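Visitor: kindly return the folded structure for what I paste below:
(chains A and B)
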2 protein chains.
Amino acid sequence: MNSAASEPALIGLDWGTSSFRASLIGADGGVLDRLAAPEGIMHVEGGLFEAAFTRLLAPWAGHSDLPVLASGMITSRNGWVETPYVGLPAGGKELARAIATHQTTDGRTVHFITGLASETDGAPDVMRGEETQIVGAVAMDTSDGCFVMPGTHSKWVEVSEGRITRFATYMTGDVFAALRDHTILKALMQDAPFHDEGFRLGVASGLSAGSELLHRLFHVRSMPLFDKIPAGASADYLSGMLIGAEIAGGSAGKANRGPVTIIGRDDLADRYETALGIAGLTTRRAEPDIVARGHFTIAKAAGVIA
Amino acid sequence: MNSAASEPALIGLDWGTSSFRASLIGADGGVLDRLAAPEGIMHVEGGLFEAAFTRLLAPWAGHSDLPVLASGMITSRNGWVETPYVGLPAGGKELARAIATHQTTDGRTVHFITGLASETDGAPDVMRGEETQIVGAVAMDTSDGCFVMPGTHSKWVEVSEGRITRFATYMTGDVFAALRDHTILKALMQDAPFHDEGFRLGVASGLSAGSELLHRLFHVRSMPLFDKIPAGASADYLSGMLIGAEIAGGSAGKANRGPVTIIGRDDLADRYETALGIAGLTTRRAEPDIVARGHFTIAKAAGVIA
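Guide: Now for the predicted structure:
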């Protein structure tokens, strides 16, 4: 994964709610080294972000002359420096223009990449951090199209001519965990190996649920009750149903518009790949280092590095 | 509410998961007296149902010669006597034929009314207890049509020629509580007075959500974030959205088929009345004593009382 023989040029921080990730980025955009810590912004004691910043980057003290770009929830109200959202469409150039700089007490400059806001169906939507990943993904293969970012709050992102033109958040992962652990369905959930058939049945149900999702959810209880699926498949049936319902909404009208690019954790990304396949959509996987490439691309556009 | 001058003829038990309710029913079907206790089947210690039965009915020891009909989750796997489901269509006669009798050690006979099972969209659905309410509601005004029973697991029930021909369960209340208390939305929920406008906006969003419910749920977070609704309206916006989504599914194709009869608790039933109105559906409210009338109707059909 390391880029060969490139000089360090930039430090990129992906500082989210639950984790801190840093990349040492070379002059050609490749990743030379990485750091990761479970110190997301909710875990920084007393909001002492500068102290955490200095401590977490201590292994790279020899690179303290490099510029730093930071993206993620670190720019939210509960973060280090709150920055206003940028509207759509937005790509690397718009994000570069919106960079907010902050001086630390020891004289380092942190360049904060802000998030995006959009409005669809009369209601707003937001992201902080994902925009930088998308900029990196686009820079790595210059492709437009639809990107899905599985997670607690999945994002579906439309890119046209290199800029984000539309996005929507889905509560899929958060809803899954709440339903699994805090409803009548809890009694059915087992710590069992992945049940492929149960997952696929769930995907099919979710894809066709339309407005009936609140009804279909009860099938997670009734299907094992009538031995239509084994009890050990209940969690994967629920997982499939919610991912299927997300895809039905997120992919509407995208059947003939090229592959959906999947960004995200591997096990969850595998489920999305299976489910998107059941929905008749082609998929591809994003490169692993897109967030660092996003930092690099925005740093270049902002003139932070040459 | 008491029926005038009728002799006691029957004891009806509505024994559910979380509560025990008894009606002393007269020879004309009217309710002469009531008992209620928070001793649902999950709260009967050690599964000692007969002891609970004797103790809870002690106030009516003078009526121990009366026949007893019991409905609800008391006939489920975790109840007193498990009875098999009856299929559709089913009304008072079918339920009367399926009655299971049980002798207590002191010689009383309990007549258990079983529940119903159906299959739609290739998946099963079940009810235990609601069928007796519907039989009572139909007996009280002999009307066919659509009934909605708001609750933790709402039921939508179609009645034709006095028999239940179709029903579907919606996880609305259970999902609402899980999302309110166990997702990112929790931070927004306030103990505030009912916010009518927030509720109505939620209903409109839910009614039009289609397959986008998992996306619309994120608006419960983003709407107050952008001051589109006050923070104190978040819970009612979420409530409205889920009820609206339920109605969009449950009422599909029912626009010109007469009023929807609402059965259930008053505060929740009020929300459904408002939401059904926003959806353009006319409503009416069921009589309060439908479950006792259901016991009476089924007891007559079974020949338990003359």
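
Visitor: quick one: the helices in the stretch 201-306 of chain A?
Guide: Using DSSP state H, counting those that start in this stretch, the helices of the stretch 201-306 of chain A run over A:213-225, A:234-250, A:266-278, A:290-302.

Visitor: avg pLDDT for the second one?
Guide: When the per-residue pLDDT values of helix A:234-250 are averaged, the result is 94.

Visitor: and it with helix A:266-278, angle?
Guide: In terms of direction (axes from the mean of the first three to the mean of the last three C-alpha atoms, to 10 degrees), helix A:234-250 departs from helix A:266-278 by 60 degrees.

Visitor: C-alpha coordinates for helix A:234-250, CSV please?
Guide: The C-alpha trace of helix A:234-250 is given here as CSV (Å, rounded to 0.1, in the frame of the first residue of the first chain):
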residue,chain,number,x,y,z
SER,A,234,-33.3,-13.9,12.2
ALA,A,235,-30.5,-11.3,12.6
ASP,A,236,-29.3,-11.7,9.1
TYR,A,237,-32.9,-11.6,7.8
LEU,A,238,-33.4,-8.3,9.6
SER,A,239,-30.0,-7.0,8.3
GLY,A,240,-31.0,-8.0,4.8
MET,A,241,-34.4,-6.4,5.0
LEU,A,242,-33.1,-3.1,6.1
ILE,A,243,-30.3,-3.0,3.6
GLY,A,244,-32.8,-4.0,0.9
ALA,A,245,-35.1,-1.2,1.9
GLU,A,246,-32.2,1.2,1.8
ILE,A,247,-31.3,0.1,-1.6
ALA,A,248,-34.9,0.3,-2.9
GLY,A,249,-34.9,4.0,-1.9
GLY,A,250,-31.3,4.9,-2.6
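
Visitor: mind giving me the domain ranges of chain A?
Guide: With domains defined by automatic domain parsing, chain A comprises A:8-143+A:287-302, A:170-285.

Visitor: any chance of a markdown table for the ones you listed, columns distance to B:Gly12 and mean neighbour count?
Guide: Just so you know, the C-beta spots here come from the backbone N, C-alpha and C atoms, and that holds for glycine as well. Formatted as a markdown table, the domains of chain A follow (distance: least, C-beta to C-beta, whole Å; neighbours: other C-beta atoms under 10 Å in any protein chain shown):
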| stretch | distance to B:Gly12 | mean neighbour count |
| --- | --- | --- |
| domain A:8-143+A:287-302 | 47 | 19 |
| domain A:170-285 | 26 | 20 |
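
Visitor: between those domains, which gets the lowest average pLDDT?
Guide: domain A:170-285 (a mean of 90).

Visitor: that domain: end-to-end distance?
Guide: Using C-alpha to C-alpha, to the nearest Å, the end-to-end distance of domain A:170-285 comes out at 20 Å.

Visitor: near chain B, anything from that domain?
Guide: Yes: for domain A:170-285 and chain B, the contact criterion (C-beta under 8 Å from any C-beta of the partner chain) is met by A:170-172, A:174-175, A:177-179, A:181-184, A:205, A:208-219, A:222-223, A:225-226, A:228, A:242, A:245-246, A:248-250, A:252.

Visitor: and that domain, how far out from the chain middle?
Guide: On the basis of C-alpha atoms, centre = their mean, to the nearest Å, domain A:170-285 is displaced by 18 Å from the centre of the chain it belongs to.

Visitor: same check on stretch A:133-141?
Guide: Distance of stretch A:133-141 from its chain centroid, counting by C-alpha atoms, centre = their mean, is 13 Å.

Visitor: now stretch A:89-105
Guide: The answer for stretch A:89-105 is 19 Å, by C-alpha atoms, centre = their mean.

Visitor: identify the residues contacting it?
Guide: Outside stretch A:89-105, the residues within contact range by C-beta atoms under 8 Å, 6 or more residues apart in numbering or on different chains are A:50, A:53-54, A:69, A:75, A:80-81, A:83-84, A:86, A:109-114, A:116, A:131-132, A:135, A:138-139, A:160, A:162-165, A:294, A:297-304.

Visitor: mind redoing it with 7 Å?
Guide: Stretch A:89-105 has contacts (C-beta atoms under 7 Å, 6 or more residues apart in numbering or on different chains) with A:50, A:81, A:83, A:86, A:109-114, A:116, A:131, A:135, A:162-165, A:297-298, A:301-302.

Visitor: so how far is chain B from the nearest residue to A:Arg285 once chain neighbours are set aside?
Guide: Nearest non-adjacent residue to A:Arg285, counting by C-beta to C-beta, 6 or more residues apart in numbering or on different chains: A:Ile262, 5.4 Å away. From A:Ile262 over to chain B the distance is 17 Å, taken as C-beta to the nearest C-beta, to the nearest Å.

Visitor: tell me who's in contact with A:Ile262.
Guide: Residues near A:Ile262 by C-beta under 7 Å, 6+ apart: A:Val148, A:Ala269, A:Tyr272, A:Glu273, A:Thr283, A:Arg285, A:Ala286.

Visitor: closest one to A:Ser234 out of those, please.
Guide: If you rank the contacts of A:Ile262 by distance to A:Ser234 using C-beta to C-beta, A:Tyr272 comes first, at 20.0 Å.
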